[in-house]
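Asks: Kindly return the folded structure for what I paste below:
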Amino acid sequence: MTEVRAVGRDPAARVDELLAERTRATKTFFVAEAERLARVCHLMAERFARGGRLVAFAHSPEARSDARHVAVEFVHPVIVGKRALPALGLAGEGGPLDRQVELLARPDDIAMAFGCSTPDDGGQAAAALAIARARGCLTIGFGGSGAEWEFVPPTDDRQIAQELVETLYHVLWELVHVFFDHRGLLSGRDARRTHDAGASSFLYPFLGEDETDLDGVLSDVSRSVVMKAEETSALRIQTLTDNRDGLVEAASQLRVAFDAGGKVLALGNGGSATDAMDLVADLHADGRAAIDLTEDAPILTAVANDIGVDAIFSRQVIAYGLPGDALVALSTSGNSANVIAALEEARGRGLITIAFVGYDGGRIGSEELADQVIITRSQHIPRIQEAQATAYHAVCALVR
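Replies: This next block holds a predicted model:
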């Protein structure tokens with residue numbers, strides 16, 4: 001009971017409040033923006049069809065995880081049968097954003113700016129977006145960017161806003177393929193009477209519609225946007241409700257670790273790596289010590305090259321982890337060998353271990369490889385990551 005009181009008088013009730021806030025904001029945002037999002041998907045598909053790329057960028061530590069995340073989703077698609085689409089993720093460590101965009105952006109590209117309204121952006125993302133827009137890029141932003149297509153989350157809570165934006169760019173990534181696969185709906189490509197949806201038919205039944213019926217497909221995609229947002233809300237409810245006690249205990253353990261001078265080590269692969277980046281940025285903003293084990297490319301590539309990918313995180317746990325620190329692992333499958341190796345190393349060194357996993361929990365869940373295992377029960381990776389973001393944001397809120 002002592003540890004639970006460390007995070008607040010009624011932390012379980014606070015989890016319910018956090019969930020209710022997100023459920024309301026998600027419904028409000030995606031119902032209002034569904035039609036516009038469908039039209040942006042169509043415009044993005046036309047750009048990709050002409051050889052354009054997605055160029056995402058952000059300057060602030062809190063926003064750059066989104067630029068990295070959306071880029072990896074497009075380059076490394078996780079839905080079987082979906083093609084990889086070219087994308088770049090640019091961040092402040094590469095120098096001034098306006099200079100990077102000036103050097104790299106091309107007229108047919110799609111420019112997506114994150115974090116324009118954050119205090120530590122300093123106008124960098126908006127300045128870079130202005131250059132991209134002048135060059136002829138399709139521009140997308142999320143408040144204060146000056147983009148052609150601006151989507152402003154209906155909340156003042158920065159973490160809720162980030163979660164809504166993450167769901168938004170996941171939806172764009174999923175649904176842009178609907179138009180990209182309809183040759184007749186894209187300028188400069190010849191129409192066929194109908195499109196064979198093939199293996200994707202169970203996900204997108206409207207792929208088989210007449211390719212010249214743009215309005216009909218736009219309407220169907222709009223409905224799909226709302227449906228995906230509803231799926232996200234349902235999975236957030238499952239994650240926070242089923243794991244309420246685990247989230248409270250995880251926050252309790254982290255608070256004890258921080259109060260004793262400890263730190264968090266965070267890790268994950270691919271999109272989960274960007275979630276680790278986001279978690280560390282949030283903890284830094286709260287004045288908490290944290291290290292992102294996915295950030296140092298020379299260390300990651302040195303260990304991967306000389307020892308193997310399975311050791312890229314465990315070697316860093318050996319280097320940085322001390323008894324009383326905490327390791328937070330993010331994995332959609334719960335089976336990633338390098339994540340498991342890091343958890344095992346952390347436990348052997350006396351670290352607190354917390355894991356956010358999807359599917360049925362994988363090995364991490366079934367073998368109880370972490371002190372707290374937070375399971376998001378889904379097989380759809382974008383929805384898992386969205387619910388996991390809500391879960392670790394809830395933990396941060398409880399620690400505060």
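Asks: Off-centre distance for stretch 247-259?
Replies: On the basis of Cα atoms, centre = their mean, to the nearest Å, stretch 247-259 is displaced by 24 Å from the centre of the chain it belongs to.
Asks: buried ones in it?
Replies: Of the residues in stretch 247-259, those buried under the neighbour-count criterion (16 or more other Cβ atoms under 10 Å) are L247, V248, E249, A250, A251, S252, Q253, L254, R255, V256, A257, F258. Bear in mind the C-beta positions are built from the backbone N, C-alpha and C, glycine included.
Asks: hang on, the last one packs against A289?
Replies: It stands for F258. Yes: proximity of F258 to A289 meets the contact threshold set by Cβ atoms under 8 Å, at 7.4 Å.
Asks: Rebuild the buried residues of stretch 247-259 as JSON lines, extending it with pLDDT and secondary structure.
Replies: Putting those into JSON lines (pLDDT from 0 to 100; DSSP: H, G, I helix; E, B strand; the rest coil) gives the following:
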{"residue": "L247", "pLDDT": "97", "secondary structure": "helix"}
{"residue": "V248", "pLDDT": "97", "secondary structure": "helix"}
{"residue": "E249", "pLDDT": "97", "secondary structure": "helix"}
{"residue": "A250", "pLDDT": "98", "secondary structure": "helix"}
{"residue": "A251", "pLDDT": "97", "secondary structure": "helix"}
{"residue": "S252", "pLDDT": "97", "secondary structure": "helix"}
{"residue": "Q253", "pLDDT": "97", "secondary structure": "helix"}
{"residue": "L254", "pLDDT": "98", "secondary structure": "helix"}
{"residue": "R255", "pLDDT": "96", "secondary structure": "helix"}
{"residue": "V256", "pLDDT": "96", "secondary structure": "helix"}
{"residue": "A257", "pLDDT": "97", "secondary structure": "helix"}
{"residue": "F258", "pLDDT": "98", "secondary structure": "helix"}
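Asks: out of those residues, who's nearest V165?
Replies: L247 (22.4 Å; Cβ to Cβ).
Asks: ok, that closest one - contacts?
Replies: Going by Cβ atoms under 8 Å, 6 or more residues apart in numbering, L247 touches V15, L240, Q372, I374, A391, A394, V395, L398.
Asks: which SS class is the first one?
Replies: Yep, that's V15 we're talking about. The local conformation at V15, judged by DSSP: H, G, I helix; E, B strand; the rest coil, is helix.
Asks: And the fourth one, by the same measure?
Replies: I374 falls in the strand class when you classify it by three-state DSSP.
Asks: How many neighbouring residues does it have?
Replies: Other residues near I374 number 26, with proximity taken as other Cβ atoms under 10 Å.
Asks: For it, which residues count as its bridge partners?
Replies: F356 (DSSP bridges).
Asks: correct me, but it touches N243?
Replies: Yes: counting by Cβ under 8 Å, N243 is a contact partner of I374 at 4.6 Å.
Asks: shared neighbours of the two, which are they?
Replies: Any residue near both I374 and N243 by Cβ under 8 Å, 6+ apart counts here, and that gives A391.
Asks: For L218, which non-adjacent residue is closest in space?
Replies: Here the nearest residue to L218 in space, its sequence neighbours aside, is A38; by Cβ to Cβ, 6 or more residues apart in numbering that works out to 4.8 Å.
Asks: which SSE is the one you found in?
Replies: helix 11-49 (DSSP states H and E).
Asks: Next SSE downstream of that helix?
Replies: Sequence order places strand 54-58 as the next helix or strand after helix 11-49, per DSSP H and E.
Asks: just checking, what packs against that next one?
Replies: helix 61-75, strand 87-91, helix 97-104, strand 110-114, helix 124-135 (3 or more Cβ pairs under 8 Å, 6 or more residues apart in numbering; DSSP states H and E).
Asks: Note down every partner strand of that strand and its orientation.
Replies: Its sheet considered, strand 54-58 pairs with strand 87-91 (parallel), strand 110-114 (parallel) by DSSP bridges.
Asks: from the chain's centre, how far out does that strand sit?
Replies: The offset between the C-alpha centroid of strand 54-58 and the centroid of the whole chain comes to 14 Å, using Cα atoms, centre = their mean.
Asks: That strand to helix 11-49, inter-axis angle?
Replies: Compare the direction of strand 54-58 with that of helix 11-49 by axes from the mean of the first three to the mean of the last three Cα atoms, to 10 degrees and you get 140 degrees.
Asks: Alpha carbons of strand 54-58, as CSV, please.
Replies: Extracted C-alpha coordinates of strand 54-58, given in CSV (Å, rounded to 0.1, in the frame of the first residue of the first chain):
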residue,chain,number,x,y,z
LEU,A,54,6.8,11.8,-47.7
VAL,A,55,9.2,14.2,-45.9
ALA,A,56,8.3,14.4,-42.2
PHE,A,57,10.1,16.7,-39.9
ALA,A,58,10.2,18.0,-36.3
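Asks: what is the mean pLDDT for it?
Replies: When pLDDT is averaged over strand 54-58, the result is 97.
Asks: so it versus helix 97-104, what angle?
Replies: 160 degrees.
Asks: who's in contact with strand 54-58?
Replies: Residues from elsewhere that reach strand 54-58, judged by Cβ under 8 Å, 6+ apart: 44, 64, 66-68, 70-71, 74, 85-92, 97, 100-101, 104-105, 109-115, 121, 125, 128, 132, 137.
Asks: just the strands in the stretch 251-400 of the chain please.
Replies: Across the stretch 251-400 of the chain, reading from the start of the chain, the strands by DSSP state E, counting those that start in this stretch fall at 264-267, 290-292, 326-331, 352-357, 372-375.
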